[in-house]
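*Asks:* My questions concern the predicted model and sequence given below.
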Amino acid sequence: MQEQTWLITGVSTGLGRAFAQAALTAGHTVVGTVRSEKDLRAFEELKPGYAHGRILDVTDDDAASKVIAEVEQSVGALDVVIANAGYGLEGTFEETSLAEVRRQLEVNVFGVVATLRAALPHMRKRRRGHLMAVTSMGGLMAVPGMSAYCGSKFAVEGILESLGKEVAQFGIHVTAIEPGSFRTDWAGRSMTRSARSVDDYDDLFIPIREARQKASGNQLGNPAKAGEALLHITSVDQPPAHLILGSDALRLVGAARTAVDEDIRAWETLSRTTDFAEGAQL
């Protein structure tokens, strides 16, 4: 495999770290963004000379552009960019404050957009590259108690779908990475939890929260194997627009898509009644 230069946001822990380690092991150069000097040093120690740390707050639009421009000059032309940085927000729709929702979208949506927009002009000029973002199985299906999180991931899915169709003409690939439950700290210390305030949701929500906390650290997904899967799709001529990771994600996303298809079929007749009888006027 030809050596590549990757940039991955959020490499301190979790899937971001796993993706970076896989790329480094394969002989690629990886620029990883972190939030502190301590994390930067720890990342660069993974493979001196190949692992390059940069401090970045993905919600700072100007900073994202400056970091990527600097990396292009000092490290090399970026072949792969993965917008991975993000976090989970747990809470029922009614109990989640608007401030919490805004913060979730700021990081999970606008942080992704800022990162990919900063890298795109460089790739467009070279007529090659691979842009990716980590969404979630929660970007293709939704569960109770995660409305803001799933909403942020659904938004990224739509952005990437449109982006991919715009930049295919330039030889740029776009992939949405949709992990299921992986053995990281996402559901543990990395999860933000809205305060409870409405008892009516107790019967539904308490078992969900308890089950998620109990599963933390025991999830089905292996982060190292997720890294290997990403390496594979960067080596093929036609990588997927969607990459679901994990058998649990396959099952849950499949069930969600089946439910949508069933709604479409069940209400097809009513859907057709909203057309003008004479058809479109061209």
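*Replies:* Here it is on my side, so go on.

*Asks:* quick one, strands of the stretch 101-250 of the chain?
*Replies:* In the stretch 101-250 of the chain, the strands defined using DSSP state E, counting those that start in this stretch lie at 129-134, 172-179, 191-193, 242-245.

*Asks:* can you tell me which of the ones you listed the model trusts least?
*Replies:* Comparing mean pLDDT across the strands of the stretch 101-250 of the chain, the weakest is strand 191-193, with a mean of 87.

*Asks:* Please spell out which residues along that one are buried.
*Replies:* Neighbour-count burial for strand 191-193 flags M191 (criterion: 16 or more other C-beta atoms under 10 Å). Quick note: C-beta positions are derived from backbone N, CA and C, even for glycine.

*Asks:* Just checking: what are the partner strands of it?
*Replies:* When pairing is defined by DSSP bridges, strand 191-193 lines up against strand 88-90 (parallel).

*Asks:* Report the distance from the partner strand to the chain centre.
*Replies:* 14 Å (C-alpha atoms, centre = their mean, to the nearest Å).

*Asks:* got the contact list for it?
*Replies:* 96, 100-101, 103-104, 145-146, 148-149, 186-187, 190-194, 209, 212 (C-beta atoms under 8 Å, 6 or more residues apart in numbering).

*Asks:* Of those residues, which belong to helices?
*Replies:* With helices taken from DSSP state H, the overlap with the contacts of strand 88-90 comprises 100-101, 103-104, 148-149, 209, 212.

*Asks:* Now which of the residues you listed would you call buried?
*Replies:* Buried members of the ones in helices among the contacts of strand 88-90, scored by 16+ other C-beta under 10 Å, are 100-101, 103-104, 148-149, 212.

*Asks:* May I ask which of the residues you listed comes out lowest in pLDDT?
*Replies:* When these are compared by pLDDT, R212 scores lowest at 81.

*Asks:* how close does that one get to G180?
*Replies:* From R212 across to G180, the span is 13 Å (C-beta to C-beta, to the nearest Å).

*Asks:* what sits against the residue sitting nearest the centre point of the chain?
*Replies:* For the chain, V134 is the residue whose C-alpha lies nearest the centre (C-alpha atoms, centre = their mean; 1.7 Å). V134 sits next to 15-16, 82-84, 86, 177, 179 when contact means C-beta under 8 Å, 6+ apart.

*Asks:* tell me the pLDDT at N222?
*Replies:* 93.

*Asks:* which one is it nearest to, not counting chain neighbours?
*Replies:* Computed as C-beta to C-beta, 6 or more residues apart in numbering, the closest residue to N222 that is not its neighbour in sequence is R183, at 6.7 Å.

*Asks:* Let me see the contact set for that neighbour.
*Replies:* R183 neighbours (C-beta under 8 Å, 6+ apart): 217-223.

*Asks:* and with 10 Å instead?
*Replies:* 14, 18, 215-224 (C-beta atoms under 10 Å, 6 or more residues apart in numbering).

*Asks:* Whichever of those end up buried, select them in ChimeraX.
*Replies:* Those of these that count as buried under 16+ other C-beta under 10 Å are selected in ChimeraX with:
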select :14,18,216,219,221,223
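
*Asks:* In helices, which of the contacts of R183 fall?
*Replies:* If you go by DSSP H, the contacts of R183 have 14, 18, 215, 223-224 in helices.

*Asks:* Can you tell me which of the contacts of V134 comes closest to V31?
*Replies:* Checking the contacts of V134 against V31 by C-beta to C-beta gives I82 as the nearest, at 10.6 Å.

*Asks:* So that closest one lies in a strand, does it not?
*Replies:* Yes - applying DSSP: H, G, I helix; E, B strand; the rest coil, one finds I82 inside a strand.

*Asks:* Got the phi and psi for G217?
*Replies:* Backbone torsions of G217, given as degrees, to the nearest 10, read phi 90, psi -10.

*Asks:* chain center to stretch 261-271: distance?
*Replies:* Counting by C-alpha atoms, centre = their mean, stretch 261-271 comes out at 31 Å from the chain centroid.

*Asks:* Show me what counts as buried in it.
*Replies:* So, applying 16+ other C-beta under 10 Å, stretch 261-271 has no buried residues.

*Asks:* again with stretch 82-98
*Replies:* Buried, per 16+ other C-beta under 10 Å, within stretch 82-98: 82-92, 95-96.
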